[in-house]
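Asker: could you look at this predicted model? Sequence included:
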Amino acid sequence: MVAEIRPNYPTEWAAMKAVAAKLGIGAAETVRTWVRKAEVDAGQRPGVTSDEAAEIKRLKAENAELRRANEILRAASAFFAAELGRPAKRS
């Protein structure tokens, strides 16, 4: 919407304020954030795209889960190594 009505306003910020008012959004800053994100996603502005951000988030979650699994395996390995080192009880 901002790109469509931009020629009718003296500045991009004025166009953003008009769009915010039309959409009933209290802060034009929200519209500015959306516009900047759309520009990044379209390759018109440098930055991390929405798809890249989602992939990074997914990979971070996977990495955290793998770290937890490794910690559990380390603890289990230490436990069983200690059990193997003890002399067997005879009944």
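Answerer: Thanks, I have it.
Asker: contacts and neighbour counts: CA atoms only from here.
Answerer: Will do.
Asker: any idea how this structure splits into domains?
Answerer: Domain ranges of the chain: 1-47, 48-91, per automatic domain parsing.
Asker: now render those as TSV, adding mean pLDDT.
Answerer: Below are those laid out as TSV (pLDDT from 0 to 100):
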stretch	mean pLDDT
domain 1-47	93
domain 48-91	90
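Asker: which of those sits most buried?
Answerer: For the domains of the chain, ranked by mean neighbour count under the definition mean count of other CA atoms under 10 Å, the leader is domain 1-47 at a mean of 15.
Asker: start to end distance for it?
Answerer: 22 Å (CA to CA, to the nearest Å).
Asker: starting at the chain centroid, how far to it?
Answerer: 22 Å (CA atoms, centre = their mean, to the nearest Å).
Asker: do the same with stretch 71-84
Answerer: The mean C-alpha position of stretch 71-84 is separated from the chain mean by 35 Å, CA atoms, centre = their mean.
Asker: do stretch 78-85 as well
Answerer: The mean C-alpha position of stretch 78-85 is separated from the chain mean by 41 Å, CA atoms, centre = their mean.
Asker: what does stretch 47-57 give?
Answerer: 6 Å.
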